[in-house]
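*Asks:* Sharing a model prediction with you, sequence too.
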Amino acid sequence: MLEPSILQVKLQQNVDVELAARWEVYRRLQQLDIPCWCGVNQPLTVEINHVRAAIQVWSVMRSLNEGRQSLISSLERCWELQ
């Protein structure tokens with residue numbers, strides 16, 4: 001088992017997301033309690049404090065960028081592994 005200190009990180013990262021989807025991503029990250037902010041005409045900045053948060057940001061961005069069928073296929077593969 002990994003020690004908790006290994007799972008702790010502190011990183012601020014600008015996330016490249018289209019202007020039209022920026023607020024949707026921002027709201028979803030807020031729902032997940034991931035600190036983030038975005039000023040007018042500024043990139044979305046996300047604070048990642050834990051490995052779990054990094055995975056959640058990746059997942060939110062993937063759901064935005066992947067097609068519906070690709071997401072369905074990934075989910076089906078996960079179910080097959082169980």
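*Replies:* Structure received.
*Asks:* lowest-confidence helix or strand of this protein?
*Replies:* helix 4-7 (a mean of 55; mean pLDDT, DSSP states H and E).
*Asks:* next helix or strand past it?
*Replies:* Per DSSP states H and E, the first helix or strand lying C-terminal to helix 4-7 is strand 8-15.
*Asks:* Which residue lies nearest the spatial centre of this protein?
*Replies:* By Cα atoms, centre = their mean, the chain has its centre lying nearest to Val57, at 1.1 Å.
*Asks:* show me the residues around that one that make contact.
*Replies:* Contact analysis of Val57 by Cβ atoms under 8 Å, 6 or more residues apart in numbering lists 13, 15, 29, 34, 46, 48. Yep, even glycine has a C-beta here, placed from its N, CA and C like the rest.
*Asks:* need the helices for this protein, in chain order.
*Replies:* Secondary structure of the chain (DSSP state H): helices at 4-7, 19-31, 51-65, 68-81.
*Asks:* Tabulate those in a markdown table, adding columns for distance to Gln42.
*Replies:* A markdown table is the format used below for those (distance: least, Cβ to Cβ, whole Å):
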| stretch | distance to Gln42 |
| --- | --- |
| helix 4-7 | 30 |
| helix 19-31 | 10 |
| helix 51-65 | 17 |
| helix 68-81 | 29 |
